[in-house]
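In: The sequence and its predicted three-dimensional model are supplied below.
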Amino acid sequence: MQSNLTLILSTPPSRLREVQGFSLPIAHMAYRIGCGPHLLCSARPNLLREGLMVVDDRGFDGGGKPDLFCREVLQECTARRFSGVICDWEAQPSPSRVRILEQLCAVCHRRGLPCYVPESYGPSIPQARVLLSSALSGGTLSQRLEEAAQRFGRERVTLAIERTASDFSLPALHGMGQELSPEELEDLRKRLSPSIFFSAELCAQYFTYHAPRTGPHFVLFDNGPSIRQKLIVASKHKITSALLAYPQVEDLIEDLLSPPRNADTRT
C-alpha cells in the first residue's frame, strides 16, 4: 500500500486476537454513548489497550449536557492510552448531537487527540476530522475526494472504506439499489455466471443482467482489487488516512496489506 496512507482497522473486541498481527492502529468498536449522556463499554477493560476508541450512538436519545460524557471519554483515553476518538454516529445531525460533538472535539483537540466524525457533521465542527464514505453509485471517487478536500481541508479527510454490494433496477432514477449480502452476491454470480467489469471512476466491480419481471439490472460490488484501488486513489489525492472495518474485510485484509502487483481487477 502507498507509504503515505495510514490504515486504521476498526475491530470488535471479540476479533482482537485476529488482527493483532497486522501491525495496524486498531479502533476498538466497544463503546457507545448512553443516556445522561454517559460513556458505555461492552468489553472487559483489560482487553482494550492503545489504538483508538470507537463510539456509536445506537439507542441514544440526544438528551443531556455533554460535560460528564466528555470527561469520561478523556479519562478512558488516558487509562487505555488511546490516541484518538472515532464517533461512528448514524443519526442525522441535530442541535443536541452537534453540541455534544462540538464539545468532545474541542476537549480532544486540546489534548492532542484527533476526533473523527461523519461527513454530515463536518461543516459544523471545524476541529474534527471527517469520515468520507467510499460508497458511490455515480460520479467518480476522485472527484468526491477532491471536493471533500476543498470543502474541509485535505488534512481533515479520512476515507472510510465501505465494502458494498448493490443491485440496481435500471433506470436507477434515485441512485438507490437493493443491498446484497455477501451470500446473495455469491449466489447471483453463481446462477448468472456474468462477465465482470471494473469501473475506474467508481473503483468498483460491476456486471449487468436481465430479469424476466423487472428488466435490466446493474450490480455494483467491492472486492480486494477494487478496495485496493480506492486506497490508491485516496493516496494520490494526498489523503493520509483510511478506515477499514475488519468484519467487512477479514477475507481481504492480507491481500490489501501485501505489496501491489499488476493484476486484473475483473475478479
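Out: Happy to help now that I have it.
In: Now residue 80: closest residue in space that isn't a chain neighbour?
Out: Nearest residue to residue 80 in three dimensions, chain neighbours excluded: residue 48, at 5.1 Å (Cβ to Cβ, 6 or more residues apart in numbering). Using the backbone N, CA and C atoms, a C-beta is placed for each residue, glycine as well.
In: number of nearby residues for the one you found?
Out: 21 (other Cβ atoms under 10 Å).
In: what helix or strand does residue 135 sit in?
Out: Assignment of secondary structure by DSSP states H and E places residue 135 within no helix or strand.
In: Over to the one 10 residues further on?
Out: Here residue 145 is covered by helix 141-152, with elements defined by DSSP H and E.
In: Report the buried residues of that helix.
Out: The neighbour-count check on helix 141-152 (16 or more other Cβ atoms under 10 Å) flags 141, 144-145, 148-149, 152 as buried.
In: for the residue of the chain most remote from its centre, phi and psi?
Out: Taking Cα atoms, centre = their mean, the residue of the chain most remote from its mean C-alpha position is residue 212, at 35.9 Å. For residue 212, the backbone dihedrals are phi -60, psi -40 (criterion: degrees, to the nearest 10).
In: Likewise for the one 4 residues further on?
Out: As for residue 216, its main-chain torsions (degrees, to the nearest 10) stand at phi -70, psi 140.
In: Do I have it right that it meets residue 168?
Out: No - between residue 216 and residue 168 there is no contact under Cβ atoms under 8 Å: 9.3 Å.
In: Comparing these two, which residue is more hemmed in?
Out: residue 168 (19 against 12).
In: Now the more buried one: which helix or strand?
Out: Here residue 168 is assigned to strand 165-169, by DSSP H and E.
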